[in-house]
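Peer 1: for reference, the sequence and a predicted model appear below.
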Amino acid sequence: MIATAAFYVFAAVLLGSAALVVSARNPVHSVLFLILAFFNAAGLFLLAGAEFLAMILVIVYVGAVAVLFLFVVMMLDIDFTRMREGIQRYAPVGATVGVILLVELASVFGSWQLLPQSASLRGAVAPGAVSNTAALGDLLYTHNVLLFQLAGLVLLVAMIGAIVLTLRARKASRRQDISRQVAQRVEDTLVLVKVGLGAAVTEAEFQRPLPEPAVAAAEPHGGGHGHGGTHAAEVR
Amino acid sequence: MNWTLALPEIALAVSGMAILLFGVLRKEESGFLASMLAIGALLLAGVLMTATGAGHAYDGQFVVDPFSVALKLLILAGAILGVALSVDYNRAEGIGRFEFPVLIVMATVGMMVMVSAANLMTLYLGLELQSLSIYVLAAFARENLRSAEAGLKYFVLGALASGLLLYGMTLVYGFTGTMDFARIATGLADPMQVSAGLIVGVVFILAGLAFKISAVPFHMWTPDVYEGAPTPVTAFLSTAPKVAAMGLLLRVMIGPFGHLLAQWQGLVVLVSIASMLLGALGAIGQRNIKRLMAYSSIGHMGYALIGLAAGTVSGVRGVLVYLAVYIFMSAGAFAVILAMRRGGRAVEGIADLAGLGRSDPALAMLMSVFMFSMAGIPPLSGFFGKLYVFLAAVQSGMWTLAIIGVLTSVVGAYYYVRIIKVMYFDAGETGFAVRPATLSIVAAGSGLVTLLFALFAAPVVAMAEAAARALLG
């Protein structure tokens, strides 16, 4: 009874949110309704006893695909109102395709004959006493563990290959090395020079040669060194 | 479950990953150290192999028998030679990165899985692991246009071959209902079970694997990839992967499809004859020695296929002896080719060998040994390889194959002997740059094996015989 009620709730929300996905004016709302649709589809899978599919749907589609959509929608500057302009022009063709598809589906399902035992067969989704997930895990990690690991090695080689063939050590990149910055001491960056009264600091008095301009620009100006007083400060 | 049967493969894969980590964590150039570690890992796998038993493991997906052990030893030998040949060349060409030996190790894991496959899925994954590593290796000198082209060409055509193979596998699975080799064999024991669709599947599998051993008509990629890939990769490509693919072909054709011998025999005969002819005729006009070696390897695979066409114990024994002989000849010849450096860069023309007989008599002598052996002149090892496959053909009454084989050997002898003529009788430039010790060691070692094969032919043949009996048993 509760299961039937849950089915109707999930199904109704699924259909409603699916309709809103295509009709919402704001594309971000579309993606959010898509996520709602995925969750309700997962609920339907749960009701059917396919808990693994439900988990995969949530993890893969909501966790990865929908978030990716969201990124794309937010990052690309697509003018959705202009995309909708042609809707009246294309509607007849789209409707024709839809009608043909509907007729084909109706003709297939009209002549479809269900096996008398199909209802009981459908009930036995899980093999024996173990759950779906345990059965899949058994298959993947016990019976086919060699193949699973080999597939992993193939992917590793693909990864190595991609890096070997494309990665170039870029000389121009300016990397920020936090640990180096934190480990900087005052003595590393600052040279204290006694300046006589009324005298100027000549270059000969610096203990280190001046850094190259490009490198100096690359160095972050952190580390808390100050200019002031009678001390001439040199930023390394 | 007896997982220890795959211990050599597991150890090799784990050490491959360890070398990868070592190379990544070590900041400076570590190509040489990684290569040495890779050789160590390959030797370790060889030692472990003597310690593991025999039998099936992993739900019957993996089999260890004398056949797989013999082939794995050859594969490991080929891989060690490949790594050894690469060290100095890679450093000189500025591609001495640690990923090179790692990829060779990974390819070797794939090859070892291939020859131990007892299931269509294991076969495919092993094959892909091997192929994928070699695609990357072929394009390893990425700044070099020809190397990149070779890698891309090999990848695209290899993907096509994988597609053919997978299509054949789905057909076989559909018509037999199983992927397991033993179960396919028992299913096909009844001739009523053999349908046209199944035969089509077997033909597709044969085509996909023929691509990997570069047999005609699936040889088109070979000359271009051999020429474009960095020479150590070409050397590696012509040894271990050929052994693995040929071993896989033997296992699949004789194992699960052994009852269909009558159906595929004609096809293998055709492929064998075409490969021998093309190998002999195509090489004649070549000026580049790597292209010449490509045609030579097509021809050699044609000879080895004679043994498969026979489909008997002596045929399989002949193929194994041929492969054992071939990897040493080939590795030795490539060691000489790698020594062809002049003015800081590698030269690849046959004409560049001119005058080698005077400028470097030892190297010229070794190259002569390899060339005479490839031509099949007794008492060098190549003669014994050909002898055993021709013997098998004659024993099975396949006189046409044997006669065509002998005739193409005579034609092939022309271009092998031409290289010797160029080395000794043509006036040439100054000699090559001083060659690194690794090349001398590999060339001299392979030369000794090739020269003195007659002395230890008996144990090798006995081992091949035991392996063949295990396969057909």
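Peer 2: In hand now; what should we look at?

Peer 1: from now on I want contacts and neighbour counts done on CA atoms only, so please keep to that.
Peer 2: Noted.

Peer 1: in chain A, which spans are helices?
Peer 2: A:2-23, A:27-47, A:51-56, A:67-75, A:80-83, A:87-110, A:118-123, A:132-138, A:145-166, A:178-182, A:186-189, A:213-218 (DSSP state H).

Peer 1: and of those, who's closest to B:Met293?
Peer 2: Nearest of the helices of chain A to B:Met293, taken as CA to CA: helix A:145-166 at 26.4 Å.

Peer 1: hmm, the closest one in reach of chain B?
Peer 2: Yes: counting by CA under 8 Å from any CA of the partner chain, chain B has neighbours in helix A:145-166: A:145-147, A:150-151, A:153-154, A:157-158, A:160-161, A:164-165.

Peer 1: how far out from the middle of the chain is that helix?
Peer 2: Mean-position distance between helix A:145-166 and its chain equals 21 Å (CA atoms, centre = their mean, to the nearest Å).

Peer 1: repeat that for stretch B:262-269.
Peer 2: Distance of stretch B:262-269 from its chain centroid, counting by CA atoms, centre = their mean, is 22 Å.

Peer 1: I'd like the mean pLDDT over stretch A:2-18, please.
Peer 2: Stretch A:2-18 shows an average pLDDT of 94 in the prediction.

Peer 1: do stretch B:282-298 as well
Peer 2: If you average the pLDDT over stretch B:282-298, you get 93.

Peer 1: buried set for it?
Peer 2: For stretch B:282-298, a neighbour-count test (16 or more other CA atoms under 10 Å in any protein chain shown) marks B:282-284, B:288-298 as buried.

Peer 1: phi, psi for B:Phe257 please.
Peer 2: The phi and psi torsions at B:Phe257 (degrees, to the nearest 10) take the values phi -100, psi 20.

Peer 1: excluding covalently adjacent residues, which one is nearest to it?
Peer 2: Nearest residue to B:Phe257, sequence neighbours excluded (CA to CA, 6 or more residues apart in numbering or on different chains): B:Ala185, at 6.2 Å.

Peer 1: if we can go back for a sec, can you add mean neighbour count and give the helices of chain A back as a markdown table?
Peer 2: As requested, the helices of chain A are exported to a markdown table (neighbours: other CA atoms under 10 Å in any protein chain shown):
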| stretch | mean neighbour count |
| --- | --- |
| helix A:2-23 | 15 |
| helix A:27-47 | 20 |
| helix A:51-56 | 17 |
| helix A:67-75 | 14 |
| helix A:80-83 | 10 |
| helix A:87-110 | 11 |
| helix A:118-123 | 10 |
| helix A:132-138 | 15 |
| helix A:145-166 | 17 |
| helix A:178-182 | 10 |
| helix A:186-189 | 11 |
| helix A:213-218 | 10 |
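
Peer 1: what's the nearest residue to the residue in chain A positioned nearest to chain B if we skip its chain neighbours?
Peer 2: Nearest to chain B in chain A, going by CA to the nearest CA, is A:Val154, at a distance of 5.1 Å. With CA to CA, 6+ apart as the criterion, A:Val154 has its nearest non-adjacent residue at 5.1 Å, and that residue is B:Leu129.

Peer 1: what about that neighbour, neighbour count?
Peer 2: Under the neighbour criterion other CA atoms under 10 Å in any protein chain shown, B:Leu129 is assigned a count of 28.

Peer 1: list the contacts of it.
Peer 2: A:Leu150, A:Leu153, A:Val154, A:Val157, B:Met106, B:Ala107, B:Val109, B:Gly110, B:Met111 (CA atoms under 8 Å, 6 or more residues apart in numbering or on different chains).

Peer 1: turn the residues of helix A:145-166 next to chain B into CSV, including pLDDT.
Peer 2: Formatted as CSV, the residues of helix A:145-166 next to chain B follow (pLDDT from 0 to 100):
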residue, pLDDT
A:Val145, 93
A:Leu146, 93
A:Leu147, 94
A:Leu150, 95
A:Ala151, 96
A:Leu153, 96
A:Val154, 96
A:Val157, 96
A:Ala158, 95
A:Ile160, 94
A:Gly161, 94
A:Val164, 91
A:Leu165, 91
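
Peer 1: could I get the residues you listed as JSON lines with distance to B:Gly343?
Peer 2: JSON lines is the format used below for those (distance: CA to CA, whole Å):
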{"residue": "A:Val145", "distance to B:Gly343": "52"}
{"residue": "A:Leu146", "distance to B:Gly343": "49"}
{"residue": "A:Leu147", "distance to B:Gly343": "49"}
{"residue": "A:Leu150", "distance to B:Gly343": "44"}
{"residue": "A:Ala151", "distance to B:Gly343": "45"}
{"residue": "A:Leu153", "distance to B:Gly343": "41"}
{"residue": "A:Val154", "distance to B:Gly343": "40"}
{"residue": "A:Val157", "distance to B:Gly343": "35"}
{"residue": "A:Ala158", "distance to B:Gly343": "36"}
{"residue": "A:Ile160", "distance to B:Gly343": "33"}
{"residue": "A:Gly161", "distance to B:Gly343": "31"}
{"residue": "A:Val164", "distance to B:Gly343": "28"}
{"residue": "A:Leu165", "distance to B:Gly343": "28"}
